[in-house]
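Visitor: below is the sequence, then the predicted model.
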Protein chains: 2
Amino acid sequence: MSGLMFRFPFRRFVATMPDKTKYIAKSGTYPKGFLINGVSSGVKAKGALDLTMLVSEKPCNAAAVFTKNAFQAAPVRVSRETLQQTKGQGIQCLVVNSGCANAVTGSGGVQDARLITALADKAVLGRGDGGLPSTLVMSTGVIGQRLKMDKISSGVMKAIEGLGSSHEHWMRGAKAICTTDTFPKVVSQEFSVNGQTYRIAGLAKGAGMINPNLATLLGFFATDAPVAVEAVQQILREAVDKSFNAISIDGDTSTNDTIAFLANGASGGPEIDVSSPAYEELKQSVTGIAQKLSQLVVRDGEGATKFVTIRVRGAATEADAKLVAATISNSALVKTAFFGEDANWGRILCAIGYSGAIVNPKATSVSFVPADQTESLRLLVLGEPQNVDEERASEILSHDEFGLDVDLGSGNHETVSWTCDFSYEYVRINADYRS
Amino acid sequence: MSGLMFRFPFRRFVATMPDKTKYIAKSGTYPKGFLINGVSSGVKAKGALDLTMLVSEKPCNAAAVFTKNAFQAAPVRVSRETLQQTKGQGIQCLVVNSGCANAVTGSGGVQDARLITALADKAVLGRGDGGLPSTLVMSTGVIGQRLKMDKISSGVMKAIEGLGSSHEHWMRGAKAICTTDTFPKVVSQEFSVNGQTYRIAGLAKGAGMINPNLATLLGFFATDAPVAVEAVQQILREAVDKSFNAISIDGDTSTNDTIAFLANGASGGPEIDVSSPAYEELKQSVTGIAQKLSQLVVRDGEGATKFVTIRVRGAATEADAKLVAATISNSALVKTAFFGEDANWGRILCAIGYSGAIVNPKATSVSFVPADQTESLRLLVLGEPQNVDEERASEILSHDEFGLDVDLGSGNHETVSWTCDFSYEYVRINADYRS
């Protein structure tokens, strides 16, 4: 094989694989009354961190959203069951393991997930059998293999011993849920409403290159605000809809995807329900953190060298706007063109055209939006291709970040989503994942 | 960048990029009364063949199926118009150009496509303005650029000068419609019904790595059988449904996709309509050729090193069977695992689970099927993961061809589709396509 065959993309790869360490939080303001730790249980090779425990000193109101995949992993089934049994109240622990997804593991896998729940309940809270569970579980990693429960059990004990609330503890927690992620993802924030101060933190792990590529997406938010359980559920749903669902087609999810939200009330102050003055503020705060986390997931997309913001406007319905954004985001041809810094906007139109949304070619306009907020480059205006300045196009696409603006001219609905490009590195990672 | 990073897949790539020259037809039996040629018009660089003309000595009954993309290329709109105006009768020419798709080129592009039609009508048939058109047009290549009509015009004249009916002429015709294809795709056949002998030939060009990757799929069949126009339409629809549609999600098509069928009756004998004894035989023959061509398209998928036959059985509906097959076929994670020869069947289940089809995990079984017809390797039986012999799995996946058998256990509908893997080479080709 001639080296020349790989000339162009190799240059690209070497030249611009962006430095992602800048996205790692250097400090944080974390919610009161939560302790966290990340340890090596031995499920992953070479002593890599692979088990995270989050423990609240007080019982939490909690909610979670789960994958819609028909094959639901054991931890998804067990955590869902726990939230149903407890009505989302009295949750105090979260155990997340990486390296083994405990998915498609039959009834044995469900028993394993229940055992982790019981183990944490007993070790942390001293609870015996018979009571309601107070632990949620999540797993990510290889599908179809049983958990090594001896390692998980000793991992849980090890994690409990080292629990803490420092920035370093939260970072270890974020690292131990990672699989092919290249950096840990933590976002935290403090905010005040009516003189009362609340803190909130969120952790997430990446979803590979995101759809249609489906590594597992896991995340959780913890706040010390006192929040009614209905408000916890409502806030989580809305925040996820505007963040993690904007990097993934609805339903197009792995066996394990789970995002949880726990509120322990350690801040004090009156309980926040859906009619409280603080409700909107809290919802926006959680949504903002969820968006930052989901953007970090995209930035850390497997092999990603580009971060692309896709704004779809003028759609006949919100569903159409999302469909067009998701179809562009998931087109391998569009994504490889982004990697090649190739202004091949025909592929973008093609994706719009087969999205299934209502598309009127003569009403459609498409532009590249430079990350530096200089003027957009119009590619198509009301269906007419523009005389594109290829040099300017290449300049825009040469940056780590840029945007794509699609106006369907068919209504007044819009959406924003985020995606990444498709590189050699993606193929390498995924051809070799289990090795 | 360390060479070690690329260790594993490079070995794979170098070791097993299959020799595809074996799929090139060495000879053929071509339909009487058709002349063909492929020439260089100069639209493509370096004198590459880029314009094919097929001419029938007699008027043909003809039909075509077109892309469902909302952005329909000018040649699609004009050919559709021609078939409507002529009711599919009296067609005698087909002009296909590669290198420029004449898509998203506004009203000017439509005029260009009409001009090619008129040019061929006049040059081949001596027809002036005003009569019904008798030429179909197809284009493939870069989107958003106007055709260089001076080059196309002289290309048409050049093609006419060299028309012929030899195997070499058909091969040149097949070469000149290619874009990123690595070999020309021609299939021909002779068959007899009730003592009457017919010949049929088909040409196609590849659809990149096929969905969701959407390079353009073009193809046409020509037969010397005398076929009623309704039968031409019906046969084409059914043949495409079992061939080209089995390598592509319905509707998920490029701006230019077109498959045409022309019957000139040069064989003599009675006209075949849907109730004729020869109808089924002809339909099976066209379907067989369409399947062979669509399989060649998959084998020539951009960067493809594996040819995978996906059989989905036990589906509740035929639509469900197709949905599951298409979802597996289009999963970048599944395809990169095939490239890595990694028996990561969890990704296959994942794709089944998010396909949107009715899936009962406990009724689902999945096996790898070796190309040599030795025993299948069961991965999942009625929802229970099997103790998989990884060595045997690797052995099966190390071949250029293998199969995947999915039994949904939810009904009695089934489908077969074909797909390929996802390699570095795919990324290279598509990052660099316009350069």
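Guide: In hand now; what should we look at? Numbering: from 1, shown residues only, chains lettered A, B, ... in the order given.
Visitor: can you pull the contacts of the closest residue to chain B within the stretch 101-250 of chain A?
Guide: Nearest residue of the stretch 101-250 of chain A to chain B (CB to the nearest CB) works out as residue A:143 at 2.4 Å. For the C-beta atoms, the positions are set from N, CA and C on the backbone; glycine is no exception. Contact analysis of residue A:143 by CB atoms under 8 Å, 6 or more residues apart in numbering or on different chains lists A:73, A:101, A:103-104, A:255, B:344-347, B:349-350.
Visitor: neighbours of the closest residue in space to it that isn't next to it in sequence, how many?
Guide: Distances taken as CB to CB, 6 or more residues apart in numbering or on different chains place residue B:346 nearest to residue A:143, at 2.4 Å, with adjacent residues excluded. A count of nearby residues for residue B:346, using other CB atoms under 10 Å in any protein chain shown, gives 26.
Visitor: pull the number of nearby residues for the closest residue to residue A:380 other than its chain neighbours.
Guide: In space, and not counting its chain neighbours, residue A:380 is closest to residue A:366: 4.4 Å by CB to CB, 6+ apart. Residues lying near residue A:366 (other CB under 10 Å) number 24.
Visitor: what of residue A:149?
Guide: Residue A:149: 14 neighbours (other CB under 10 Å).
Visitor: from residue A:189, how far out is the closest residue to it other than its chain neighbours?
Guide: Nearest non-adjacent residue to residue A:149, counting by CB to CB, 6+ apart: residue A:112, 5.7 Å away. Distance, residue A:112 to residue A:189, using CB to CB, to the nearest Å: 35 Å.
Visitor: these two: who's more crowded?
Guide: residue A:112 (23 against 19).
Visitor: who's in contact with the helix or strand containing the more buried one?
Guide: In the assignment (DSSP states H and E), residue A:112 maps to helix A:106-125. Defining contact as CB under 8 Å, 6+ apart, one finds that helix A:106-125 is touched by A:53, A:55, A:73-75, A:77-79, A:82, A:92-93, A:95, A:97, A:102-103, A:105, A:127-129, A:131, A:133-137, A:139, A:146-147, A:149, A:152-153, A:156-157, A:160, B:383-385.
Visitor: do that again at 7 Å, thanks
Guide: Contacts to helix A:106-125, defined as CB atoms under 7 Å, 6 or more residues apart in numbering or on different chains, come from residues A:55, A:74-75, A:77-78, A:82, A:92-93, A:95, A:102, A:127-128, A:133-135, A:137, A:146-147, A:149, A:152-153, A:156-157, A:160, B:383-384.
Visitor: pull out the buried members of the residues you listed.
Guide: A:55, A:74-75, A:78, A:82, A:92-93, A:95, A:102, A:127, A:133-135, A:137, A:147, A:152-153, A:156, A:160, B:383-384 (16 or more other CB atoms under 10 Å in any protein chain shown).
Visitor: now intersect the contacts of helix A:106-125 with the helices, please.
Guide: A:74-75, A:77-78, A:82, A:149, A:152-153, A:156-157, A:160 (DSSP state H).
Visitor: pLDDT for the residues you listed - can I get that in a markdown table?
Guide: Output for these, formatted as a markdown table (pLDDT from 0 to 100):
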| residue | pLDDT |
| --- | --- |
| A:74 | 97 |
| A:75 | 98 |
| A:77 | 97 |
| A:78 | 98 |
| A:82 | 98 |
| A:149 | 98 |
| A:152 | 98 |
| A:153 | 97 |
| A:156 | 98 |
| A:157 | 97 |
| A:160 | 97 |
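Visitor: tell me the angle of the helix holding residue A:112 relative to helix A:149-161?
Guide: Angle, helix A:106-125 to helix A:149-161, by axes from the mean of the first three to the mean of the last three CA atoms, to 10 degrees: 20 degrees.
Visitor: average pLDDT for helix A:106-125?
Guide: Helix A:106-125 shows a mean pLDDT of 95.
Visitor: how far off centre is that helix?
Guide: Its chain's average C-alpha position is 25 Å from that of helix A:106-125, according to CA atoms, centre = their mean, to the nearest Å.
Visitor: okay, now the unreliable bits of chain A?
Guide: The model of chain A has pLDDT under 70 over residues A:1-18, A:129, A:207-215, A:248-252, A:424-435.
Visitor: which strand or helix spans the spatially most central residue of it?
Guide: Central residue of chain A (CA atoms, centre = their mean): residue A:294, 4.3 Å from the mean position. Residue A:294 is located in helix A:277-299, with elements delineated by DSSP H and E.
Visitor: between the next helix or strand along the chain from that helix and helix A:277-299, how many degrees?
Guide: For helix A:277-299, the succeeding helix or strand toward the C-terminus, using DSSP H and E, is strand A:307-315. Here the directions of strand A:307-315 and helix A:277-299 differ by 120 degrees (the same axes, to 10 degrees).
Visitor: note down every partner strand of strand A:307-315 and its orientation.
Guide: According to DSSP bridges, strand A:307-315 has the following sheet partners: strand A:401-407 (parallel), strand A:413-420 (antiparallel).
Visitor: got those as TSV, with mean neighbour count and distance to residue B:28 columns?
Guide: Output for the strands paired with strand A:307-315, formatted as TSV (neighbours: other CB atoms under 10 Å in any protein chain shown; distance: least, CB to CB, whole Å):
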stretch	mean neighbour count	distance to residue B:28
strand A:401-407	21	46
strand A:413-420	22	45
